[in-house]
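[1] sequence and predicted model, in that order:
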Amino acid sequence: MPKPTMTRFSATIINALTRSVNERGVFRVTSVFSDFYDKTVIIAEYEIDDYTGKTEKTVLSEIKADVQPYSGGRAREQYGLDIECQMRMFCDMSDDVKVGNRVEYDGDIYDITYVQKWDSGLVAMLERSRLK
């Protein structure tokens with residue numbers, strides 16, 4: 001059986017799907033979809049003191065993302081999820097984007113209620129938070 005070889009066409013496809021970024025000597029591969037990540041969002045953890053009611057925020061990271069209006073009904077249709085959400089966020093892989101953390105975007109705070117990993121990045125469902 002002949003050994004599979006990479007043709008010029010398949011190499012072109014692979015290069016079209018990913019591109020490398022060299023930032024401060026660190027090599028990483030980013031999604032071609034990152035061109036659509038036109039919003040800067042803050043990923044943070046919030047701790048609320050039950051006694052005093054004070055909120056303490058810890059910023060985990062600031063990332064570029066594509067944030068779109070969305071609904072729980074659409075999440076049910078497209079993902080089979082039974083959740084409430086007002087926004088959907090697409091971004092590159094990040095350990096900070098996980099259920100329980102919060103996203104600050106456009107002056108509002110959103111709870112991350114669902115995260116799905118794809119080959120090209122993440123999609124997260126966001127529900128408007130009660131925090132102000």
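    Arrived safely, thanks for sending.

[2] now do Gly72 against Gly100, distance only.
    Distance from Gly72 to Gly100, counting by Cβ to Cβ, to the nearest Å: 19 Å. Yep, even glycine has a C-beta here, placed from its N, CA and C like the rest.

[3] neighbour count winner among those two?
    Neighbour totals were compared for Gly72 and Gly100, and Gly72 leads with 16 against 10 (other Cβ atoms under 10 Å).

[4] residues touching the residue lying closest to the more buried one once chain neighbours are set aside, list them.
    Distances taken as Cβ to Cβ, 6 or more residues apart in numbering place Glu84 nearest to Gly72, at 4.7 Å, with adjacent residues excluded. Residues in contact with Glu84 (Cβ atoms under 8 Å, 6 or more residues apart in numbering) are 72, 113, 127.

[5] and the first one, how far from Met93?
    To tie it back to what came earlier, the one meant is Gly72. Gly72 is 25 Å from Met93, by Cβ to Cβ.

[6] ditto for Arg128
    Using Cβ to Cβ, we find Arg128 at a distance of 25 Å from Met93.

[7] show me what the residue nearest to the spatial centre of the chain is bridged to.
    Nearest to the geometric centre of the chain sits Cys91, at 3.7 Å (Cα atoms, centre = their mean). Beta bridges link Cys91 to Ala65, Leu122 when assigned by DSSP bridges.

[8] how about the contacts made by Asn101?
    Asn101 neighbours (Cβ under 8 Å, 6+ apart): 43-45, 60, 112.

[9] take those residues and keep only those in strands.
    43-45, 60, 112 (DSSP state E).

[10] these into TSV, with extra columns for pLDDT, neighbour count and distance to Asp106?
    Formatted as TSV, the ones in strands among the contacts of Asn101 follow (pLDDT from 0 to 100; neighbours: other Cβ atoms under 10 Å; distance: Cβ to Cβ, whole Å):
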residue	pLDDT	neighbour count	distance to Asp106
Ile43	97	23	15
Ala44	96	18	15
Glu45	94	13	20
Leu60	96	17	19
Ile112	97	22	16
